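# structure for this input, please:
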Amino acid sequence: MSNIDHCLDMAANIKGAFAVAVVDFESGMTLGSRGGSPEFDLDVAAPGNSDVVRTKLEVMQKLGLREGIEDILITLDTQYHLIRPVRGGGTDEKLFIYLVLNRAQANLAMARRDLRVIEQSFYMAVPAPARPPMPENAGFFPANIQR
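Okay, the predicted model is just below:
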């Protein structure tokens, strides 16, 4: 199971979750999703929110703000839409988690906390690259070091 699938499964289990996606906000490409309905097309909504993230980052840059976005909350009559950029991992990926919650069922504070934990664990699910095995006669010090 990939870290994206794991992230989506965890977010889909947040109380009140209706839909969730992981999106690349530079390209607008949805990398994975869960949920949605015929009335709520996640394939339209998720990449559409890439514009929201890019616009907010542009405004922050123009204002000279040297901060990161923790999350963006959009409150509708019956839904909460949470956008959580995925930070860390040492990559150039520009990803965010997009979570749609049913307001009647969700606890917004708990959902934000859960999404923060999911975001923090996102890159932890990726195994570290394997190191090549050391030769048996290598010892502690490399052979080319003069002692």
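
# which parts of this structure are helices?
Along the chain, counting by DSSP state H, helices occupy 3-12, 42-63, 108-121.

# nearest to residue 70, out of those?
Closest to residue 70 of these is helix 108-121 (CB to CB; 7.9 Å). From N, CA and C alone the C-beta is placed, and that goes for glycine too.

# tell me which residues of that closest one are tucked away?
For helix 108-121, the neighbour count (16 or more other CB atoms under 10 Å) marks 111-112, 114-115, 118-119 as buried.

# so who does the residue lying closest to residue 107 once chain neighbours are set aside touch?
Excluding the flanking residues, the one nearest residue 107 by CB to CB, 6 or more residues apart in numbering is residue 15, at 6.2 Å. Residue 15 is in contact with 105-107, 110-111, counting by CB atoms under 8 Å, 6 or more residues apart in numbering.

# so residue 26 touches residue 94, yeah?
Yes: between residue 26 and residue 94 there is a contact under CB atoms under 8 Å: 4.6 Å.

# ok, the two, which is more surrounded?
residue 94 (16 against 13; other CB atoms under 10 Å).

# I'd say the more buried one and residue 24 touch.
Yes: Residue 94 is in contact with residue 24 according to CB under 8 Å; the separation is 6.0 Å.

# first-to-last residue distance for stretch 15-28?
End-to-end distance for stretch 15-28: 27 Å, by CA to CA, to the nearest Å.

# actually stretch 76-95, not the one I typed
End to end - CA to CA - stretch 76-95 spans 23 Å.

# and the contacts of it?
Under the criterion CB under 8 Å, 6+ apart, residues 16, 18, 22-26, 31, 49, 52-53, 68-75, 96-104, 106, 108, 111-112, 115-116, 118-120, 122-123, 126 lie in contact with stretch 76-95.

# buried among the residues you listed? Need that as a selection in PyMOL.
Selecting the buried subset of the contacts of stretch 76-95 in PyMOL, with 16+ other CB under 10 Å as the burial test, is done by:
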select buried, resi 16+18+22+23+25+31+49+52+53+72+96+97+98+99+100+101+106+111+112+115+118+119+122+123
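
# distance to residue 82 added to the helices of the chain, as TSV?
Putting the helices of the chain into TSV (distance: least, CB to CB, whole Å) gives the following:
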stretch	distance to residue 82
helix 3-12	9
helix 42-63	10
helix 108-121	6
